[in-house]
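Asks: sequence and predicted structure are below.
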Amino acid sequence: MQIRFFNSLSNKVEDFEPVESGTVRMYSCGPTVYDYAHIGNFRSFLFSDLLRRFLEVAGYDVIHVMNITDVGHMTDDAVADGGGEDKMELAGRRLKEDKKSGKVEVGAVEDPSDPYQVARFYTDSFLSDGRQLGLKVAGEYPERMFHATEHIDDMQAMITELIDRGHAYVAEDGVVYYSVESFPGYGRLSGNTLENLQSGAGGRVLDEHQDQKKHPADFMLWKADSAHIMKWDSPWGEGYPGWHIECSAMARSRLERDVIDIHTGGEDLIFPHHECEIAQSCGATGSDSFAKFWMHVRFLLVEGEKMSKSQGNFYTVRDVLDGKVTGSAVHPAVLRYELTKTNYRKNMNFTSQGLQDSATAVRRLNDFSAKLEEQTGGEAAEIDNSHPVLAEFLSSMADDLNVAGALGALLPWASVSRMPSDPHEALAVLRKINQVLAVAPLESQDDASGEGSSTAGDGEEAVSGWCRELDAARADKDYDAADRLRDQIIEAGYDVSTSPEGTTAKKRLA
RNA sequence: GGCGGCAUGGCCAAGUGGUAAGGCAACGGUUUGCAAAACCGUCAUCCCCGGUUCGAAUCCGGGUGCCGCCUCCA
């Protein structure tokens, strides 16, 4: 099976081969932890998870790492190089407000003016969201997910290398800048070559107040600022690192290679972030490449509109799970399915209807899974990847993660009314597919979350009592009572199914 | 103004030269105390214009629309 991915570096679909046979090293730009992650963030993170899971099922050892950005982002957007205040500081003030108003539990953050506590709070939120949604790397914290603030040494070492190799300089104001003119490959990823940047600058202000820099596109590596809320000693004065350097430094130290296989992120990161990473990494290592494959996720729209706080269509993961979109609680597996079912290179349209569709599909896969488990007693056959459904599923995924094609193979097969002739084999196939999709069985998410499942158990007992009452009413031909009970169960968030064997109710997933 | 990406039925979406997968919704039927579920069946010529070809959703040229980046941002 030849795996092919679209490479943002060449804007072409290319055959994928890892640098080291059998092992894939991938780096994903992770969350910033001064706010809750939203569904757009998670589309990106789940894309990297799907990619990683697919590569694992395809037979690779995957070393997948993701950073947690807890330093280096500034609020002032008029000045790109360290203006305004640290977003962590702002987040601290907001948390303080939320604490007062009761939006954030007492005890969750003791001292909001401590940026490390703010980071800790939002890191925990992220890890909890991630684990619920089946994000493997979140379950591997802190081995494979780690904080930028714990890698300041690596960043400083890389900055030193860059200065030594003539790729960086200390400007008159004491700020360390990367010199883009020292790196001929600048612009290769984004198309924003120095030439293009210049010719495209018409009408736009390109840093006229950056007269300290040798070139307007030079970007900050270290800024001495003893007044800054988060600061470290350095050869260039007490201060903090630029935003881009953390990924270059951490990818190298954590993946232990100068050249890695795959680097992922949202499409907005192509420029300047990833362009700058390449310049830094290649500049420091002397290698002519940093990541062999760059894969970028397109943005998602919400009901056809851009997601924005002012439009009122801005959703965090917990908003969706709590039912802010659909009006009733959404199972994490449904959100995972919804956010991964559209190919990562297309803008996906996140809609309430889509969530409902996903819930139907997840239900279907789970019913199918449950029936197979029942038929086999959980005994799966030994299989390779040659089963027709599995083979088509994997070959679709191998084609630049064609999820829709893969689901096109899976869904018609996964039908409880046409059960496969060999359930042991089918169970093995489904389990393998679910290693990629991670939506059926649903329990895979519950282990990690720990919350919500206990209350669901209580509700289920009441509902199953109502089902027995409903059966009794129907036996008595007391249809008014039966209809009332049915409405009651539906009201409680369950789908009712009556059959000669009795009434059963299943929790609606969205 | 510069650099990229995308455009298939009501919705999600496969298909990369030979006469349009799959899912959801809808509609008709079977079933049902009624309904739901389930099952059977029905449902598109592919943004526009021009070209290449025996033949194009698929290749080429020109438009149009949408998305991202060029300033923090998945």
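Replies: Sure, I can see it. Remember, it's a predicted structure, so these values are computed and weren't measured experimentally.
Asks: helices of the stretch 1-150 of chain A, residue ranges please.
Replies: A:39-57, A:87-101, A:115-132, A:136-139 (DSSP state H, counting those that start in this stretch).
Asks: and the stretch 251-400 of chain A, by the same measure?
Replies: A:275-285, A:317-321, A:332-340, A:352-376, A:388-398.
Asks: can I get these in CSV with mean neighbour count?
Replies: Heads up, the C-betas are built off the backbone N, CA and C, glycines and all. CSV is the format used below for the helices of the stretch 251-400 of chain A (neighbours: other CB atoms under 10 Å):
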stretch, mean neighbour count
helix A:275-285, 25
helix A:317-321, 20
helix A:332-340, 27
helix A:352-376, 18
helix A:388-398, 19
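Asks: format the helices of the stretch 1-150 of chain A as a markdown table; extra columns: distance to residue A:486 and mean pLDDT.
Replies: Below are these laid out as a markdown table (distance: least, CB to CB, whole Å; pLDDT from 0 to 100):
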| stretch | distance to residue A:486 | mean pLDDT |
| --- | --- | --- |
| helix A:39-57 | 34 | 95 |
| helix A:87-101 | 41 | 86 |
| helix A:115-132 | 31 | 93 |
| helix A:136-139 | 40 | 96 |
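Asks: what does residue A:151 show for phi and psi?
Replies: phi -130, psi 30 (degrees, to the nearest 10).
Asks: for the one 3 residues further on, same thing?
Replies: According to degrees, to the nearest 10, the main-chain angles of residue A:154 amount to phi -60, psi -40.
Asks: per-residue confidence for the residue nearest to it when sequence neighbours are not counted?
Replies: Leaving out its chain neighbours, the residue that sits closest to residue A:154 by CB to CB, 6 or more residues apart in numbering is residue A:249, at 4.0 Å. For residue A:249, the pLDDT comes out at 96.
Asks: nearest residue to residue A:133 other than its sequence neighbours?
Replies: Residue A:133 sits nearest to residue A:336 (CB to CB, 6+ apart), 4.8 Å away.
Asks: confirm for me that that neighbour is in contact with residue A:45.
Replies: No: counting by CB atoms under 8 Å, residue A:336 stays clear of residue A:45, with 10.6 Å between them.
Asks: sorry, back to before: where's the residue nearest to residue A:154 relative to residue A:162, distance?
Replies: In this structure, residue A:249 and residue A:162 are 11 Å apart, going by CB to CB, to the nearest Å.
Asks: same question for residue A:276.
Replies: 11 Å.
Asks: joint contacts of those two?
Replies: Residues touching both residue A:276 and residue A:162 by CB atoms under 8 Å, 6 or more residues apart in numbering: residue A:178.
Asks: got the residues of the stretch 201-350 of chain A near RNA strand B?
Replies: A:201-204, A:206-207, A:243, A:265-273, A:297-301, A:306-307, A:341-343, A:345-349 (CB under 7 Å from any atom of the strand).
Asks: so how do I select the buried members of those residues in ChimeraX?
Replies: To isolate the buried members of these in ChimeraX, using 16 or more other CB atoms under 10 Å:
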select /A:243,265,266,269,270,272,273,297,298,300,301,307,341,342,343,345,348
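Asks: now do the contacts for the closest residue to residue A:383 other than its chain neighbours.
Replies: Leaving aside its sequence neighbours, residue A:383 sits nearest to residue A:428 (CB to CB, 6+ apart; 4.4 Å). By CB under 8 Å, 6+ apart, the residues touching residue A:428 are A:380-383.
Asks: on the three-state scheme, residue A:428 is what?
Replies: What DSSP: H, G, I helix; E, B strand; the rest coil gives for residue A:428 is helix.
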